[in-house]
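1. here's a sequence, model it:
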Amino acid sequence: MIGKYALPALAIVGLAAAAFEIRAGEHSPAHSAPVIRSVESPFTSNVAGTGIVEASTENIAIGTPVSGVVASVLAKPGSHVRAGEALFRIDDRELTAQLLPATAQVGEAEATLARDKDILDRGEALSKANRDAITVEELRRRRFVVAIDQAALDRTKADVERLKILLSRYTVTAPVNGLVMQVKIRVGEFATTGVLDPPLMVLGDDVRLHVRVDVDEQQAWRVKQEAPAVAFVRGNPDLKTSLKFERLEPMVVRKASLTGESIERTDTRVLQVIYSFDPAALPVYVGQRLDVFIDASPDQRVAGGVR
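-> Have a look, this model is predicted:
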């Protein structure tokens, strides 16, 4: 009798359990907030572009005028340097070894000149006291010797100065006051001359930062001198600042700053407009991309010579 109702009972329990599981699994889909919020232009009519933050002096790629092993690196990333301050040094022992004997030769030439000049002075003094005491030819010979000695001294001094100038090229100094933004050399590495990618060092003046805005050539005609602009930090539209117009470069060039978007054309040509801002206004770094909107309302004055 019990076996007769066991299977139906088990079936009912199974159906109930399945219904419970299905019910428990039903839930409304979660709606996650967008990771990146879109940016809204503050202008009714605008020209949008991608801006790259750079130093006000532009980013200066530091190289070396001589190749050699790096002996010391004196500047660190993030440090500020003054114009003329040493950034790094190339091993200069070979040239220093040449300077030591050259300096000694100066002392030797000075001593020789002093000796022969004394001989000449005594001869001239003797001639004044007694004309027959020394011949005119002998005095002329002594004057020539002194002149030759003076020339030899000047030559040795010139050699020393030449070596010092060559030695100075082994110490690379900062061309301007600024921030050291990148250091790509290490002690013991071999540094070569020429244009390097990446450069040995990058620095620039960061007292006021610039934004180089790429404007598509199809929108270039709408860009106006002194037009207001606003920059937004990508990923956080709340971080924004007004920009000051600095200049535009009146030559359309191939777009070098790519956003990485799938619809972006790599053969685009752009007009580059440079704005500036106070670095205290935005927590950004040199090389960072910003979304920039330039006011293109009809009442803006059209840039002369751009159209």
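2. what about E110, how many residues close to it?
-> E110: 15 surrounding residues under other Cβ atoms under 10 Å. Quick note: C-beta positions are derived from backbone N, CA and C, even for glycine.
3. so P42 touches F293, yeah?
-> Yes. Judged on Cβ atoms under 8 Å, P42 makes contact with F293 at a distance of 6.5 Å.
4. quick check: neighbours shared by those two?
-> Listed as contacting both P42 and F293 by Cβ atoms under 8 Å, 6 or more residues apart in numbering are V230.
5. neighbour count winner among those two?
-> Between P42 and F293, counted using other Cβ under 10 Å, F293 has the larger neighbour count: 22 against 14.
6. so the more buried one sits in a helix?
-> No. If the criterion is DSSP: H, G, I helix; E, B strand; the rest coil, then F293 is strand and not within a helix.
7. what segments of the stretch 1-150 of the chain are strands?
-> 46-55, 60-62, 68-73, 80-81, 86-90 (DSSP state E, counting those that start in this stretch).
8. ok now the longest strand belonging to the chain, how far from the chain's centre?
-> For the chain, the strand reaching the highest residue count under DSSP state E is reported as strand 236-254. Put simply, strand 236-254 sits 19 Å off its chain's centre (Cα atoms, centre = their mean, to the nearest Å).
9. then it to CSV, C-alphas only?
-> Taking C-alpha atoms only, strand 236-254 is exported to CSV below (Å, rounded to 0.1, in the frame of the first residue of the first chain):
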residue,chain,number,x,y,z
ASN,A,236,35.2,62.5,-14.7
PRO,A,237,33.2,65.4,-16.3
ASP,A,238,33.2,67.1,-12.9
LEU,A,239,36.9,67.9,-13.4
LYS,A,240,37.0,70.8,-15.8
THR,A,241,38.6,74.2,-16.3
SER,A,242,38.4,77.2,-18.5
LEU,A,243,41.3,77.6,-21.0
LYS,A,244,43.2,80.6,-22.1
PHE,A,245,43.9,80.9,-25.8
GLU,A,246,47.6,81.1,-26.6
ARG,A,247,48.0,80.6,-30.3
LEU,A,248,47.1,78.4,-33.2
GLU,A,249,49.6,76.9,-35.6
PRO,A,250,48.4,77.9,-39.1
MET,A,251,49.3,74.7,-40.8
VAL,A,252,47.1,71.6,-41.0
VAL,A,253,49.1,68.5,-40.2
ARG,A,254,48.6,64.8,-40.1
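10. mind listing what's buried in stretch 86-93?
-> L87, F88, R89, I90, D91, D92 (16 or more other Cβ atoms under 10 Å).
11. is it true that the second one touches V70?
-> Yes. Counting by Cβ under 8 Å, F88 does reach V70; the two are 6.0 Å apart.
12. what's in contact with stretch 115-126?
-> A133, I134, E138, L139, R142, R143, V145, V146, D149.
13. ok, then the element right after the longest strand of the chain?
-> strand 269-277 (DSSP states H and E).
14. may I see the buried residues of that following strand?
-> For strand 269-277, by 16+ other Cβ under 10 Å, it's V270, L271, Q272, V273, I274, Y275, F277.
15. try stretch 141-160
-> Buried residues in stretch 141-160 (16+ other Cβ under 10 Å): R142, V145, V146, D149, A152, L153, T156, K157, D159, V160.
16. also stretch 281-291?
-> Buried residues in stretch 281-291, counting neighbours by 16+ other Cβ under 10 Å, are found at L282, V284, V286, Q288, R289, L290, D291.
17. tell me the spacing between the second one and V270.
-> From V284 across to V270, the span is 21 Å (Cβ to Cβ, to the nearest Å).
18. likewise for the fourth one?
-> Note on Q288: its distance to V270, by Cβ to Cβ, is 18 Å.
19. next: the last one.
-> Using Cβ to Cβ, one obtains 15 Å as the distance from D291 to V270.
20. so where is this structure shaky, pLDDT-wise?
-> 1-7, 18, 22-37, 257-266, 299-307 (pLDDT under 70).
21. OK, contacts around V81?
-> A75, L87, A174, N177, G178, V180, L203.
22. since we're on the fourth one, how many residues are nearby?
-> As a burial measure, N177 scores 17 neighbours (other Cβ under 10 Å).
23. for the one 10 residues further on, same thing?
-> Each residue near V187 was counted by other Cβ under 10 Å, and the total is 12.
24. and it, what does it touch?
-> Per Cβ under 8 Å, 6+ apart, neighbours of V187: V70, A71, S72, V73.
25. now the third one: how far from V213?
-> Right, the one you point to is S72. S72 is 39 Å from V213, by Cβ to Cβ.
26. more neighbours: which of those two?
-> A count of neighbours by other Cβ under 10 Å puts V213 above the other of S72 and V213, at 28 against 12.
27. wait, that one sits on S276?
-> No. Judged on Cβ under 8 Å, V213 makes no contact with S276 at a distance of 11.3 Å.
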